Structures are given as structure tokens and as C-alpha cells.
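1. Give the three-dimensional model of this entry:
(one chain, ligands or ions: 2)
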Amino acid sequence: MAELSTDLQALHGIGSRRAQLFRKMGLATLGDLLTWFPRRYEDRRTVKEIAALSDGETVCVRGFVAAPPTVTRVRDGLDLVQVPVADRSGVLRVTFFNQLWMKAALSPGTEYVLYGKVERNLFGCSMSNPVTERADSPSETGRIWPIYPASAGVSQRMLCWAVREALRICGGSIPEFLPEEVRHTYQLCPVKAAYENIHFPADDTALQEARRRLAFEELFLLAVGLQSVRQQRQSDAVEAFADADMSPFYNALPFTLTDAQRRCIAEAFADMRSGVPMNRLCQGDVGSGKTMVAAACVYYCVQNACQAALMVPTELLARQHYDSLSALLTPLGVRVALLTGSVSAKDKRDIRQRVAAHEVDFVIGTHALISDGVEFENLGLVVTDEQHRFGVAQRGALNAKGRQPHVLVMSATPIPRTLALSVYGDLDVSILDELPPGRQKILTYAVSGDYRPRVYGFLEKQMAAGRQVYIVCPMVEEGAAVSDDRKAVTEYASELEKVFPERRILSVHGRMKSKDKERIMSAFAAGDGDILISTTVIEVGIDVPNASVMVVENAERFGLSQLHQLRGRVGRGKHQSYCILISDSRADETRQRLRVMVTTSDGFRVAEEDLRLRGPGDFFGERQHGLPPLKIANLFTDTELLREARTAAAELSPERYPATVKRAAELLSQGATA
Ligand code: ADP
Ligand code: MG
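-> Ligands and ions are numbered 1, 2, ... in the order given. A predicted model of the protein is given here:
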């Protein structure tokens with residue numbers, strides 16, 4: 001019996017060339033095949049008589065080939081095989097496009113089952129390219145059939161075959177991670193049956209049970225993993241921070257804090273005084289002032305004679321935070337340093353030494369903070385900004401550098417609190433649900449492409465007034481996995497150069513080296529550009545107060561929450577700001593979604609509407625939450641299952657199920673590299 005870790009090439013029929021194509025899809029082992037879950041299913045069980053067929057339905061027909069198939073060459077590269085199929089009620093005309101082998105495969109007088117979409121008109125019924133099998137040996141018809149996400153090199157049919165083979169040779173060696181009593185309590189089927197039925201369901205009930213079991217397992221392992229991270233942290237006692245005089249900090253602020261900011265700060269301080277390491281998520285809409293919550297915590301930490309670190313996903317953000325926070329904190333006696341990848345080796349060494357000697361109180365940086373092995377003399381607090389870009393394990397890596405620092409995570413992805421608890425199950429949650437007063441509303445418009453000339457006219461006016469403009473265009477999709485945003489961006493840029501010959505147009509795309517990307521974004525931030533064209537790379541919080549317009553092309557392709565994040569890039573200065581969503585889509589759903597953007601500026605509401613209208617799949621966009629990708633469970637629709645899985649996880653005694661705990665930890669660390 002083969003193992004899950006066995007290479008695909010163990011399957012007869014998969015040699016190194018084909019294996020290469022599978023690997024491109026992320027399928028390397030038999031286990032990968034087993035978790036390549038169907039995208040949907042076709043119910044191929046209904047058989048109808050030809051006379052009873054109606055136009056547009058997809059069903060099975062059972063009949064005899066009534067005459068020898070004919071071949072017609074329509075033109076080079078288009079051959080038709082046509083054949084009449086008859087049952088006792090009528091005749092079905094069947095056409096196969098470019099499947100010349102069907103001519104030999106179909107023999108008159110033999111009975112076949114054909115599954116396909118019916119076309120019915122005055123002249124009778126027909127089907128094109130149906131799934132066709134001999135009626136005496138059906139394998140793909142007469143049952144519920146899986147449809148897999150396929151690729152150019154690996155067909156649907158190939159995948160069905162490979163998965164079936166994988167099930168056959170290693171179905172018995174799939175490990176069972178759910179304890180017997182959990183399966184019993186929650187009525188979950190055994191693992192082998194689950195995998196068999198998720199791929200080749202015996203019937204609807206078996207499919208439901210398989211899905212429920214596998215989704216439960218996924219959520220259960222996630223909960224177990226997060227729980228053990230949490231327990232581990234809570235078993236580490238830390239020295240409780242003492243009260244400190246915060247008035248110098250508050251007095252230095254040019255504004256009064258919002259109630260929400262005050263509440264988050266109080267919650268964080270209470271954690272840091274508790275003697276158990278803080279592990280808190282501060283969640284708030286763009287512009288809600290998360291940075292100040294972080295700054296207060298940093299100041300508090302430094303007053304307790306500890307060092308603090310702030311980790312952000314890009315150099316540019318690091319520099320912006322450095323500029324604003326050192327302006328605030330340096331006069332208060334906090335020694336601030338910036339450590340990013342582009343700092344020279346000599347400066348890095350120097351900063352590292354000063355950090356190690358506690359001559360620096362507060363370091364702001366990118367991944368370099370982790371990768372360059374910075375040693376702190378006494379690290380008391382780690383803040384990570386825009387947390388979705390860092391995985392759970394990455395947070396862990398930095399945390400491990402101190403004894404057990406407090407951790408504050410800031411996120412601008414507003415998600416409902418109950419959900420936040422599951423997604424960030426290892427964290428406590430504070431919510432900044434209030435914007436600072438006097439924020440002007442960003443005027444949002446949804447228009448069709450016909451308006452482009454007027455939009456350009458408007459942009460010109462804004463730029464003439466000295467403002468800057470963002471334009472976002474979506475990636476060009478090329479097949480399932482690859483996307484080419486370079487092309488989209490470059491083509492758009494050359495169009496715009498014709499429209500605005502006098503303007504400085506910058507562009508960035510995902511295929512650029514991050515260094516080049518940062519260079520261009522910094523130039524834009526410094527005012528050395530009028531228009532910045534990009535895909536969604538500007539989503540992460542860069543701050544250009546002078547930018548007043550955000551234009552999003554093909555707005556229908558973005559999730560609402562994503563649009564909201566993009567919109568948050570403008571309206572950061574004193575200028576009235578605008579968001580223009582361009583879409584030619586006439587779909588009702590698109591219009592509804594864009595209307596939400598036009599009518600509300602509240603991120604939590606946008607998130608809720610996003611969920612309601614678009615479903616959970618798109619909610620997080622790409623895997624932004626730093627958790628392992630869920631292959632089958634759905635955090636939004638499987639709420640009941642999630643609750644059960646969390647309860648079961650809480651009752652699990654880890655000592656009795658080391659394999660389950662180990663698996664949970666493995667899965668969690670996969671999320672870190674996402
Ligand atoms: P985000 O939550 O998106 O990270 P920031 O922390 O960047 O938001 O804050 C956005 C802007 O609001 C900054 O310019 C900041 O100085 C300002 N700000 C923060 N708190 C307040 C407040 N209480 N009153 C007025 N302005 C504030
Ligand atoms: Mg921010």
C-alpha cells in the first residue's frame with residue numbers, strides 16, 4: 001500500500017513529463033491528489049427519453065447508434081463526427097467536434113449512454129460533445145461525477161483518473177486525525193469513506209457526510225493548532241508592566257484620542273500589566289488611527305525600561321512609520337531606529353549593536369528584523385502592522401527573540417468579531433470602530449467606461465491643482481493560476497501617456513522586484529509623479545496625503561473589501577478626495593456591489609455586504625490572513641461546524657493525541673509562508 005507522501009509517478013501512466021505538469025498545479029504526491037477536491041459535481045444520474053428532452057437541460061440519454069457515424073471536414077482544424085442515436089421515443093443528433101476517434105468508437109446497433117446538454121428546436125434534439133460510454137459498462141455516467149479544477153496541461157479526465165488511482169492504492173493509509181470520541185460525538189464518518197465520497201460520491205447523503213467530516217477536520221486541526229500556540233504563550237509568565245506616567249505622550253499628540261483608541265489602549269495596557277504575555281489584535285478601518293494605539297503601547301513599554309519593535313510588510317511603510325513616530329517619540333526621550341533590507345550592511349551592523357546594547361528603545365523595520373537575526377537586550381513588545389501579510393509562525397519567529405514579548409497585531413481588514421476570534425484564534429481582539437472626528441467623506445462614484453473622457457478631464461483638473469492620482473487596473477488573467485499584471489499595467493500606461501503627455505506617469509506591477517517597486521512608490525510619495533498606475537500593490541498602507549483621486553478600472557473584478565482598502569489610500573490629507581469605480585459590467589450583482597461602495601464608507605458594513613453579496617470565497621481576497629489555506633471548510637458559511645470544531649478542540653487532551661497535535665502544528669506553519 002502506497003503512502004500519501006508517495007510521488008505521483010508511482011501511478012502507472014504518469015511519467016516524469018506528466019508529473020511535471022501536475023507539479024505546476026501544486027500536485028506532487030498522492031496525498032496532494034486526494035486533497036485536490038472537486039470544484040463542483042455533475043449529477044449524471046437522470047436518464048430521459050429523447051422525446052421528453054427539453055432545450056437547455058443537461059441529462060443522460062440511453063440509446064442505440066442508429067447509423068454509422070459520418071465525418072465532415074468543415075475546414076482545416078475543424079472536423080465533425082456526426083451520428084444519430086435512437087431510443088424508442090425518438091432520435092438524437094449527436095456531434096463531436098475534433099474527436100475523430102469517435103467514428104471508430106461508436107458501432108451501430110450498440111447501446112450507449114450519452115451525458116450532455118440538450119439543444120432542442122423545430123428540427124429535433126441534438127447534443128454536442130456528450131460524455132459517451134457503452135451502456136453495459138458505465139463508469140462516468142449514472143452517478144454523481146466530480147469536476148476538478150484542471151489546467152491546460154492536465155485535463156479534467158486525467159485528474160479524475162489520477163485521483164481514483166490514488167484512492168485505490170493509498171486509500172487505506174490515510175491517517176485518521178479525529179479521535180474516535182470526537183467522531184462519535186459529532187457523528188462524523190471515517191476518514192477513508194470521507195475521501196472516497198468527496199471524490200466519487202455514492203449518493204447525495206454520502207457526499208454531504210464526506211464534506212462535513214472533512215470540513216470539520218480542517219477546522220478542528222486549525223483550532224487545535226491555534227489553541228496550542230495560545231496555551232504555550234499563556235504558560236509563559238512575564239514580568240507585569242508597572243503603571244507609568246503617560247501624560248507626556250498624550251500631551252505631545254496634536255489631537256485628542258478617539259474613545260475607540262482610548263478603549264483599545266486600555267485593553268492593551270491591562271494585558272501588559274497582567275503577567276501573561278499580551279497577544280492582541282487591534283482591528284480597525286483604514287484611517288481609524290491604529291498607529292497611535294501602537295505608539296501608546298510602545299511608549300508604555302519603554303517607560304517600563306523595555307524595548308519595542310514594529311514590523312511592517314514594506315520598506316516604504318517602515319520609513320513612513322519611522323518618520324512620523326520618531327517625530328513624536330524622539331522628543332519624549334525614546335531612541336528610535338529604522339532597520340530595513342536597504343540599510344547598508346555597515347549601518348545594519350551598527351544598529352544591531354545598539355539594539356543589543358539597549359541604546360535603542362524602539363526599532364521599526366521589515367522582515368529584515370527577523371532575517372538579520374537582531375538580538376534585543378530586553379524586548380518587551382512586538383507590534384506588527386497590516387498583519388495579514390505575516391503568518392502566525394512569522395510572528396512567532398520575532399517573538400522568540402525576546403524572552404516572551406507582548407504582541408500587538410494591527411489589521412485593517414474589518415471582520416466581524418465572532419469571525420475574528422476563529423480566524424485569529426490565538427489572539428484577543430480589540431476593535432477600533434470609530435474614525436477621528438472631522439474626517440471628510442471620500443466621494444465615491446461608479447461609472448461605466450463611456451465616462452472615461454470625463455474622468456480624464458477631472459483627473460487633469462485635480463493634477464492642475466497639484467494633486468496626485470492613483471489608477472488601479474486588475475491583473476490580466478491567463479489561465480487559472482498565472483496572471484500577468486505587467487502587461488495590463490504597461491499597456492494602460494502607454495494609453496495614458498497619450499492622454500496626459502505633460503504628466504509624469506509612474507507604474508508598478510507585481511512582477512517587479514520589490515526594491516524597484518518601493519523605489520517608484522517612494523518617488524510617488526515624495527511628489528515625483530502625478531499618476532501612479534498599479535495593480536493592487538498599493539493596497540498596503542502607504543500614505544500620500546497629497547493624493548486625492550483613486551480610479552479603479554474593471555472595478556467588478558475586485559472584492560468590496562479590497563475596493564474599500566484601495567479607497568482608503570486617498571482622503572489622507574486635507575484635500576477633498578474621490579474614488580471613481582469604472583465598470584462596464586451590467587450584471588445586477590456588480591451594480592449592487594458598487595452601489596454599496598457609493599453609499600457607505602464604513603469598512604465593517606462594506607465587509608458585511610461583501611460577505612452577503614459575494615460569498616466568503618472572495619472575502620479575504622488572496623490568503624491574507626496568515627492562516628493555512630482552507631481547502632474545503634468555509635469560515636463564513638460553516639459557522640455551526642466551526643463552533644463544534646472549536647468545542648471539540650477545547651476538550652481534546654493533547655497528550656493522548658500527539659499525532660493530531662503535530663499535524664495541527666504542521667498545518668499552521670504552512671500558513672506562515674503564504
Ligand atoms: P490606520 O488605522 O489606517 O493605520 P493611521 O494610524 O495611519 O490610521 O491614522 C490615520 C491618520 O489619522 C493619521 O494621519 C493620524 O495622525 C490621524 N489620527 C490618528 N488618530 C487621530 C485622532 N484621534 N484625531 C485626529 N487624527 C488622528
Ligand atoms: Mg496603518
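
2. Spell out which residues of this protein are next to ligand 1.
-> 255, 257-258, 261, 284, 286-292, 412, 436 (CB under 6 Å from any ligand atom). (Each C-beta comes from the backbone N, C-alpha and C, glycine too.)

3. If you rank these by neighbours, which is first?
-> The most crowded member of the residues of the chain next to ligand 1, judged by other CB atoms under 10 Å, is S288 (27 neighbours).

4. follow-up on the earlier one: where's the dip in pLDDT among the residues of the chain next to ligand 1?
-> Lowest pLDDT within the residues of the chain next to ligand 1 is found at A412 (76).

5. surely it meets G289?
-> No: with contact defined as CB atoms under 8 Å, A412 does not count as touching G289 (11.3 Å).

6. mind listing the helices for the stretch 101-250 of the chain?
-> 101-105, 156-170, 180-185, 191-199, 204-235, 247-252 (DSSP state H, counting those that start in this stretch).

7. which stretch among these comes nearest E644?
-> Closest to E644 of the helices of the stretch 101-250 of the chain is helix 204-235 (CB to CB; 6.9 Å).

8. tell me which residues in the closest one are buried?
-> For helix 204-235, burial by neighbour count (16 or more other CB atoms under 10 Å) applies to 206-207, 209-229, 233.

9. what angle sits between it and helix 191-199?
-> Helix 204-235 runs at 120 degrees relative to helix 191-199, counting by axes from the mean of the first three to the mean of the last three CA atoms, to 10 degrees.

10. Check which helices and strands helix 204-235 is in contact with.
-> helix 191-199, helix 392-399, helix 639-651, helix 658-672 (3 or more CB pairs under 8 Å, 6 or more residues apart in numbering; DSSP states H and E).

11. Quick one: the ones you listed as TSV, columns for mean neighbour count too.
-> Shown next, in TSV, are these (neighbours: other CB atoms under 10 Å):
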stretch	mean neighbour count
helix 191-199	21
helix 392-399	20
helix 639-651	17
helix 658-672	17
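
12. Which pair of the residues of the chain next to ligand 1 spans the longest distance?
-> The distance between the two most remote of those (CB to CB) is 19.7 Å, for F255 and A412.

13. Comparing the helices of the stretch 101-250 of the chain by mean pLDDT, which bottoms out?
-> Among those, helix 204-235 carries the lowest mean pLDDT (a mean of 89).

14. relative to helix 639-651, how tilted is it?
-> 50 degrees.

15. If we ignore the residues flanking it in sequence, what's nearest V606?
-> Leaving out its chain neighbours, the residue that sits closest to V606 by CB to CB, 6 or more residues apart in numbering is H564, at 4.5 Å.

16. Kindly report the same for A493.
-> With CB to CB, 6+ apart, the residue lying closest to A493 is S507, at 4.6 Å.

17. contacting residues around S324?
-> Neighbouring residues of S324 by CB atoms under 8 Å, 6 or more residues apart in numbering: T291.

18. Off-centre distance for the helix or strand where it lies?
-> Secondary-structure assignment from DSSP states H and E places S324 in helix 315-329. Relative to its parent chain, helix 315-329 has a centroid offset of 28 Å by CA atoms, centre = their mean, to the nearest Å.

19. Helix or strand next in line after that helix, which one?
-> That would be, after helix 315-329 and using DSSP H and E, strand 336-339.

20. tell me the phi and psi of L253?
-> phi -70, psi 140 (degrees, to the nearest 10).

21. so where does the residue lying closest to it once chain neighbours are set aside fall, helix or strand?
-> Nearest residue to L253 in three dimensions, chain neighbours excluded: M292, at 7.2 Å (CB to CB, 6+ apart). Assigned by DSSP H and E, M292 belongs to helix 290-303.

22. so after that helix, what's the next helix or strand?
-> Downstream of helix 290-303 (by DSSP H and E), the next one is strand 307-311.

23. What about the residues of the chain next to ligand 1, which are in strands?
-> If you go by DSSP state E, the residues of the chain next to ligand 1 have G284 in strands.

24. Kindly list the main-chain dihedrals of the residue nearest to A493?
-> The phi/psi pair for S507 (degrees, to the nearest 10) reads phi -140, psi 150.

25. Beta-bridge partners for it, please?
-> In this entry, S507 is beta-bridged to I533, by DSSP bridges.

26. give me the number of residues near it?
-> 22.

27. before we move on, what about the one 10 residues further on?
-> Burial measure for K517: 20 neighbouring residues, criterion other CB under 10 Å.

28. Where does it sit, in terms of helix or strand?
-> helix 514-525.

29. hang on, the earlier thing: now the helix holding S324: mean pLDDT?
-> 91.

30. between it and strand 307-311, how big is the angle?
-> 140 degrees.
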